[in-house]
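Peer 1: Turn this into a structure:
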Amino acid sequence: MRSPSSLICVLLVAAGLGACDRSPENQSPPAAVAAKPTATAAKTSDVKPLVFDPNDVKSFKVLPAKFDYDKNPITNEKVTLGRMLWYETRLSKNHDIACNSCHDLSNYGVDNKAFSSGHKGQLGGRNSPSAYNAGPHVAQFWDGRAATLEDQAKGPILNPVEMAMPDEKRVITTLKSIPEYVALFKAAFPEEKEPITYDNMAKAIGAFERGLVTPSRFDKYLDGDDKALTAEEKAGFHKFISLGCPTCHTGVAVGGSTFQKLGLVKEYPGLKDNGRFDHTKEDKDKFFFRVPSLRNVEKTFPYFHDGSLATLDDAVSKMAWHQLGVEAKPEEVKAIVAFLKSLTGDLPTEYIKKPELPPSTPATPKADPT
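Peer 2: As a prediction, the model looks like this:
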C-alpha cells in the first residue's frame, strides 16, 4: 500500500459532489448529532475561499467491506432479515412502497427523480440520497436529523407522505401476523423475550445497509495501484484537490462527514430550503446541509437537495463558484468530472438480490389506500 507521504508527493508533482428525506417534523435524532459548520455567523460576503492543505490527502480512505457499528453488531441473521424488510411493501399503508422504491439498489440506491413519490403519489420536499456507502456519514437525511442508519430507518415508514403507516403498533401487528418474520426476528435477536419491536426492525435494516458498499477503481488507486486510474482521471483528481473540493468532500465516502452552508462564498440564488435550521431552529444552521457523498455520483443524478441540476458538469461548476468562489474553466470541470466517474463502484449484486418474501396470512392487516 502506498504511504500517505508517497501519495502526497505524487499529487504535488502532478499538474498543478441525495433512508429519503421527508420524515415528519417532530422526528428528532439524539442530541449528540451536532453541526460542524465552517463559517456560521459570518456574512457570505465576509467569507474567504477555503484552502485545502495537500497534507490532508490522507483523509481519503479505502472503503471497508462493511461499516461496523458497535451498538448494532452485524450478524448474518440480522442482515438476512434486514434484506427482506428492505424489499417489504407491507411496511407501507397501501402495501405498494418499500425502502427499495426510492432507493433502488440495482440503480445505485436512487430513483433518479428530483423528488420521490410516496403514498398516493405524494412527492417529498427533498431529493432521496443514495443508500450506498452511507454508514460513515456524520448523520442521516440532508438536515442530519437522524444520527444513524438505524434511526433513519424508522422515519419513512411512519411518514404520511412516504410509506404512511399510521403508527408503530400497526407495523408490529403486520410483522407478527407472518410466521416467517416471527422466526426471522427470533433468529436475529435470540436473547430477547419480544424480538419483534420497532427498534429491532430498524436495527435489522441498518445492519443490512451497513453492507451496502461499492468499491471502485479509486479505492484500488488509493491502495497503491497507479494504473487503476487513467491519466485524465489522475489529472482530474489533482485538479479536484487544487481547487479546494476536499475542503468538504473527504473521508471514506468522499463527503458526508460535515455540514456546510450552501452558498458559503458566493450566495446561492433562489434558495428556499432552510436546511438544517428546520431541525435545530438555530440561526447558525440556516442553509446548512449535510455534504453529500461523491461515491457513485455519476449515477445518482439529479443533484443537490432539491434535485435541481441534471448534469454533473453543472453541479461541479456551481459548487466551485458558490462554495469556493472559483469560476472553473471548462477544461477544469471536464477533468474533475472524469475523476468523479472513477468513484463509480461495483454493485454487490448477490448481496442486494431480492429475496422471496413470505406470504400474508388471514391475520395480516390489509392494504389501505386512504
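
Peer 1: mind listing what's buried in stretch 175-182?
Peer 2: For stretch 175-182, burial by neighbour count (16 or more other C-beta atoms under 10 Å) applies to L175, S177, I178, Y181. Any C-beta I mention is one placed from the backbone N, CA and C, and that applies to glycine too.

Peer 1: Return the residues in contact with the third one.
Peer 2: By C-beta atoms under 8 Å, 6 or more residues apart in numbering, the contact list for I178 reads R90, P358, P359, S360, T361, T364.

Peer 1: Would you check how far apart the first one and L184 are?
Peer 2: Okay, so that is R90. 14 Å (C-beta to C-beta, to the nearest Å).

Peer 1: and K43, what pLDDT?
Peer 2: In this prediction, K43 carries a pLDDT score of 43.

Peer 1: helices or strands next to the helix or strand hosting N100 in the packing?
Peer 2: Using DSSP states H and E, N100 falls within helix 99-102. Here helix 99-102 touches helix 76-86, helix 149-158, going by 3 or more C-beta pairs under 8 Å, 6 or more residues apart in numbering; DSSP states H and E.

Peer 1: and the angle for the first one with helix 149-158?
Peer 2: Angular relation of helix 76-86 and helix 149-158 on a 0 to 180 degree scale: 30 degrees, by axes from the mean of the first three to the mean of the last three C-alpha atoms, to 10 degrees.

Peer 1: Buried residues, helix 76-86. List them.
Peer 2: Quick answer for helix 76-86 (16+ other C-beta under 10 Å): E77, K78, V79, T80, L81, G82, R83, M84, L85, W86.

Peer 1: neighbours of the nearest residue to the last one once chain neighbours are set aside, just the number please.
Peer 2: This points to W86. Setting aside the residues directly before and after it, W86 is nearest to C99 in space (C-beta to C-beta, 6 or more residues apart in numbering), at 4.7 Å. Using other C-beta atoms under 10 Å, the number of residues around C99 comes to 28.

Peer 1: C99 against G206, yeah?
Peer 2: No: shown here, C99 and G206 do not form a contact pair, counting by C-beta atoms under 8 Å, at 11.3 Å.

Peer 1: intersection of neighbour lists for those two?
Peer 2: With C-beta under 8 Å, 6+ apart, C99 and G206 have common neighbours A153.

Peer 1: any idea how far N296 lies from A253?
Peer 2: Distance from N296 to A253, by C-beta to C-beta: 10 Å.

Peer 1: anything in contact with each of those two?
Peer 2: N133.

Peer 1: any low-confidence regions in the protein?
Peer 2: 1-57 (pLDDT under 70).

Peer 1: Domain-wise, how is it divided?
Peer 2: The chain breaks down into these domains under automatic domain parsing: 4-20+36-65+215-341, 76-209.

Peer 1: I'd like those written out as CSV, with distance to L347 added.
Peer 2: Converted to CSV, these look like this (distance: least, C-beta to C-beta, whole Å):
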stretch, distance to L347
domain 4-20+36-65+215-341, 9
domain 76-209, 7
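
Peer 1: looking at these, which is buried most?
Peer 2: domain 76-209 (a mean of 20; mean count of other C-beta atoms under 10 Å).

Peer 1: Quick one: end-to-end distance for that one.
Peer 2: From its first residue to its last, domain 76-209 covers 13 Å (C-alpha to C-alpha, to the nearest Å).

Peer 1: Need the phi and psi values for F289.
Peer 2: phi -130, psi 150 (degrees, to the nearest 10).

Peer 1: dump the residue contacts of it.
Peer 2: Counted by C-beta under 8 Å, 6+ apart, F289 has contacts W142, D143, F259, Q260, L262, G275, R276, H305.

Peer 1: Next one: the third one from F287, what distance?
Peer 2: F259 sits 10 Å away from F287 when distances are taken as C-beta to C-beta.

Peer 1: And for the second one?
Peer 2: Here the criterion is C-beta to C-beta. By it, D143 lies 11 Å from F287.

Peer 1: likewise the last one?
Peer 2: Here H305 is placed at a distance of 10 Å from F287 (C-beta to C-beta).

Peer 1: Kindly point out which residues are neighbours of both of these two.
Peer 2: In terms of C-beta under 8 Å, 6+ apart, H305 and F287 are both contacted by the residues L262, D273, G275.

Peer 1: in terms of contact, does the first one touch H322 like I think?
Peer 2: Just to be clear, that refers to L262. Yes: counting by C-beta under 8 Å, L262 does reach H322; the two are 7.0 Å apart.

Peer 1: Mind listing the shared neighbours of these two?
Peer 2: Y268.

Peer 1: can you give me the strands in this structure?
Peer 2: 259-261, 288-290 (DSSP state E).

Peer 1: Could I get the phi/psi values of the residue nearest to S130 when sequence neighbours are not counted?
Peer 2: Distance criterion C-beta to C-beta, 6+ apart; nearest residue to S130, sequence neighbours excluded, is G109 at 3.6 Å. Torsion angles at G109 (phi, psi; degrees, to the nearest 10) stand at phi 80, psi 20.

Peer 1: Which residue is most remote from the mean position of this protein?
Peer 2: Within the chain, the residue lying farthest from the chain centre (C-alpha atoms, centre = their mean) is P362, at 37.5 Å.

Peer 1: how near is it to F288?
Peer 2: 50 Å.

Peer 1: sorry, back to before: out of the domains of the chain, which is closest to E350?
Peer 2: Between E350 and the domains of the chain, the shortest separation by C-beta to C-beta is 10.9 Å, and it involves domain 76-209.

Peer 1: Can you give the distance from the closest one to the centre of its chain?
Peer 2: The gap between where domain 76-209 is centred and where its chain is centred comes out at 14 Å by C-alpha atoms, centre = their mean, to the nearest Å.

Peer 1: Tabulate the helices and strands packed on helix 99-102 in CSV, adding columns for distance to A202.
Peer 2: Formatted as CSV, the helices and strands packed on helix 99-102 follow (distance: least, C-beta to C-beta, whole Å):
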stretch, distance to A202
helix 76-86, 9
helix 149-158, 4
